[in-house]
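> here's my sequence, what's the structure:
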Amino acid sequence: MINFKNIRILLCALAFSTILFIGSVQAQKYKTPSDTVKLNKEYGEISLDIAKLNSKLIAEKNKTVDLQNKTSSTASEAVTSAQDSKNQAATATSGNTTDTKQAVKDAKKADRKANDAKDAVADEKNNNKRINKLTEQIEKKQKNLTDLDQQRAIIMLQLTPASASEVTK
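As a prediction, the model looks like this:
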């Protein structure tokens, strides 16, 4: 005797799973097994982009240490140069033109060193911004790869039942 209650539950479960499957497939870019070539091509392109971005990120991170060293050294040089300029200006008050010229020269040198220190700080900030931007781009590409992996899995699920039914024939 056929139990209609079990059949009804089975049909409802099948209908529900079909609706969920169709809903997930409609949101995909690649839906059919014939799309796997395009999917694989895009997957390869994104993987290559990630590799390039990773190499750029490594290069930027390597620059960070150099920029930090440059920032600290130029800051200390600027302080030293400013102190020398101050000392020279104190001696120049005696009225000697040679001392005055040297004081002006030291003041200009101190100004250049201060500008170098300011530029080094700006370079370091820009480097950190580039690192953050590259990290965001890599995360976005990784998410795209994850989406493509999901689409590939759904396409493979479409192939699996067909292959199983052909084997039983």
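
> what comes up buried for stretch 134-142?
Applying a neighbour-count criterion of 16 or more other CB atoms under 10 Å, one finds 134, 138, 141 buried in stretch 134-142. For the C-beta atoms, the positions are set from N, CA and C on the backbone; glycine is no exception.

> list just the nearest of the residues you listed to residue 126.
Each of these was checked against residue 126 using CB to CB; the closest is residue 134, at 12.6 Å.

> contact partners for the closest one?
With contact set as CB atoms under 8 Å, 6 or more residues apart in numbering, residue 134 has these partners: 53, 56-57, 60.

> okay, and it sits in which element?
Take DSSP states H and E as the rule and residue 134 turns out to sit in helix 97-168.

> what mean pLDDT would you report for that helix?
Taken as a whole, helix 97-168 has an average pLDDT of 84.

> closest to the centroid, which residue in the protein?
Within the chain, the residue whose C-alpha comes closest to the C-alpha centroid is residue 135; the distance, by CA atoms, centre = their mean, is 1.8 Å.

> is it true that that one touches residue 60?
No - applying CB atoms under 8 Å as the test, residue 135 and residue 60 come out as separate, 9.7 Å apart.

> if we can go back for a sec, closest one of the buried residues of stretch 134-142 to residue 101?
Within the buried residues of stretch 134-142, distances to residue 101 taken as CB to CB reach their minimum at residue 134, with 49.2 Å.
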